[in-house]
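In: The sequence and its predicted three-dimensional model are supplied below.
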Amino acid sequence: MQVNLRIRRFNPEKDSKAYWGEFNLNDVDPTDTVLDVLNRVKWEIDGTLSLRRSCAHGVCGSDALRINGSNALACKTLVKRLGSGDSVKIQVEPILGLPVIKDLIVDMEPFMAHYREVLPYFINDSEPPENGRERLQSQEDRMRFDDTTKCILCACCTSSCPSFWANGQYVGPAAIVQAHRFIFDSRDEGAEERLAVVGDAFGVWRCRTNFNCTSACPRDIEVTEAIAQVKKVLTTGEI
Ligand code: SF4
Ligand code: F3S
Ligand code: FES
């Protein structure tokens with residue numbers, strides 16, 4: 001099939017503003033991914049096209065893009081999902097709400113700064129069990145945060161959230177997912193510190209239950225549900 005590809009381009013060294021680049025590719029297999037077609041443009045037509053990617057298998061989280069108006073990982077988006085027939089139109093833009101560095105590459109630092117704010121690591125200063133044993137946990141307790149352990153920090157969620165677009169100080173759904181992963185871990189002792197972060201003026205109450213984040217998550221994490229659970233802890237005081 002043929003793919004008509006529109007790519008948002010911007011080179012800060014020569015462009016005063018962003019513009020659309022157009023490319024037509026023939027002999028695209030419907031099971032090719034959007035990353036495959038972007039790589040073809042870069043390798044066969046225009047080597048200056050800039051994009052982030054690494055694993056090509058939905059693991060590293062580096063190729064989150066806005067594809068036909070919705071956030072997704074380019075390497076997990078098959079061309080056949082975007083249209084059928086002899087010709088498919090695909091529009092690719094950088095994710096929104098973060099500064100564009102070049103073409104499809106955004107500055108992830110504001111996103112990572114919010115990630116660091118929620119203390120995304122295990123906190124427990126009490127003595128570990130004797131004989132070098134692990135801190136045990138029931139299967140039931142583990143399941144309370146199982147979903148939020150799957151996050152790959154791709155930013156598809158946060159950069160699809162209208163509240164984050166409106167105010168980048170909002171900590172955002174990805175950071176709340178990370179906070180959830182530790183707040184609901186029965187072995188962790190840092191919940192109070194994390195709840196102080198996600199409970200402040202730029203925390204969970206900025207979430208208006210829009211659900212874009214849940215729709216965009218390539219790991220199928222129930223992001224809005226995780227945010228609701230954190231809101232409930234803040235309201236009731238009970239984990
Ligand atoms: Fe990506 Fe999902 Fe994690 Fe958000 S919650 S950063 S969409 S993996
Ligand atoms: Fe934003 Fe998700 Fe809430 S899109 S408003 S964080 S439900
Ligand atoms: Fe690693 Fe797509 S390139 S998730």
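Out: Structure's in. What do you need? Ligands and ions are numbered 1, 2, ... in the order given.
In: C-alpha from now on. contacts and neighbour counts both.
Out: Will do.
In: which residue is nearest the centroid of the protein?
Out: Centroid-nearest residue in the chain: A155, 2.3 Å away (criterion: CA atoms, centre = their mean).
In: quick check, that residue in a strand?
Out: No - residue state for A155 (DSSP: H, G, I helix; E, B strand; the rest coil) corresponds to coil; a strand is not indicated.
In: Pretty sure it sits against F111.
Out: Yes - A contact is recorded between A155 and F111 when judged using CA atoms under 8 Å, the distance being 7.4 Å.
In: any idea how far K42 is from Q229?
Out: Relative to Q229, K42 is positioned 43 Å away (CA to CA, to the nearest Å).
In: Likewise for T31?
Out: For T31, the distance to Q229 - CA to CA - is 38 Å.
In: and if you look at Q91?
Out: From Q91 over to Q229 the distance is 35 Å, taken as CA to CA.
In: Comparing the two, which shows the higher neighbour count?
Out: The neighbour count for Q91 versus Q229, taken as other CA atoms under 10 Å, is higher for Q91 (19 against 15).
In: residues contacting that one?
Out: Q91 makes contact with L5, R6, I7, I67, N68, G69 under the criterion CA atoms under 8 Å, 6 or more residues apart in numbering.
In: ok, of the residues you listed, which come out buried?
Out: Burial of the contacts of Q91 was assessed by neighbour count (16 or more other CA atoms under 10 Å); the buried members are L5, R6, I7, I67.
In: and the longest helix along the chain with ligand 2, contact?
Out: Ranked by residue count and defined by DSSP state H, the top helix of the chain is helix 223-236. Yes - for a cut-off given as CA under 6 Å from any ligand atom, helix 223-236 has contacts with ligand 2, namely T224.
In: Cheers, nothing more for now.
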